[in-house]
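Novice: this one's structure only:
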């Protein structure tokens, strides 16, 4: 477990990032559930900080979807670099799909191609901050899926743009990539992720 007693306090820069994330994502909602997208960003940042991540990793967690999911991708990328520095920028871009400006051009390309390129990018990463934020992102999403399965069962898969089998393939493969890239670091996050993905594959009956 991380030593939280030695974790540095957050500075006003974190507050600035939180406000900036709100400006970028305040109108967005999660697919299917309608929950404000900021809940995801706050959740990922919470996992990162609870795992012992430093302030820059926490900021990167708040902004990890900022470039990929924003139609002003080029301007947003520059703003992140200028306002939050090169390390935050590096983590955000490493957690972003390899063609970060696709949405800006109006076409992201085939789903499977994008995911394969992201997984390859993740396998090559040696940056502890990148791996922690990436693991926290996928863990938050997996927790959300398994929780929704307890309420709506198999209907949860209708919320995704690809069939259940492809979504499960993606989570299995990302988990393997994280395990290979960081066999000891962030192992707690990856172990929990692997356990939830296994439960997703078996299926969870909804609570009545």
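Specialist: Looks like it arrived, so ask away. What you are looking at is a predicted structure, and each value in this text was computed from that prediction instead of being measured.
Novice: For the chain, give me the ranges with low pLDDT.
Specialist: 1-8, 32-33, 71, 100-108, 183, 185, 204-208 (pLDDT under 70).
Novice: Report the contact partners of residue 147.
Specialist: Residue 147 sits next to no residue when contact means Cβ atoms under 8 Å, 6 or more residues apart in numbering. Yep, even glycine has a C-beta here, placed from its N, CA and C like the rest.
Novice: Check which helix or strand it maps to.
Specialist: Taking DSSP states H and E as the criterion, residue 147 maps to helix 128-152.
Novice: next one: that helix to chain centre, how far?
Specialist: 7 Å (Cα atoms, centre = their mean, to the nearest Å).
Novice: Now tell me what touches whichever helix or strand comes after it from outside.
Specialist: Downstream of helix 128-152, the first helix or strand assigned by DSSP H and E is helix 164-181. Helix 164-181 has contacts (Cβ under 8 Å, 6+ apart) with 111-112, 115, 119, 122-126, 131, 134-135, 138, 142, 154, 157, 160, 186, 190, 193-194, 197, 200-201.
Novice: Give the buried residues for helix 164-181.
Specialist: 167, 170, 171, 173, 174, 175, 176, 177, 178, 179, 181 (16 or more other Cβ atoms under 10 Å).
Novice: Turn those into a markdown table, including distance to residue 79.
Specialist: Output for the buried residues of helix 164-181, formatted as a markdown table (distance: Cβ to Cβ, whole Å):
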| residue | distance to residue 79 |
| --- | --- |
| 167 | 32 |
| 170 | 29 |
| 171 | 31 |
| 173 | 32 |
| 174 | 28 |
| 175 | 32 |
| 176 | 34 |
| 177 | 29 |
| 178 | 28 |
| 179 | 34 |
| 181 | 28 |
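Novice: Of all pairs in those, which one spans the longest distance?
Specialist: 167 and 181 (21.2 Å; Cβ to Cβ).
Novice: and the residue positioned nearest the centre of the chain, how far is that from residue 151?
Specialist: By Cα atoms, centre = their mean, the chain has its centre lying nearest to residue 137, at 2.5 Å. Distance of residue 137 to residue 151, given as Cβ to Cβ, to the nearest Å: 22 Å.
Novice: Equivalent analysis for residue 177, please.
Specialist: Relative to residue 151, and taking Cβ to Cβ, residue 177 is found at 29 Å.
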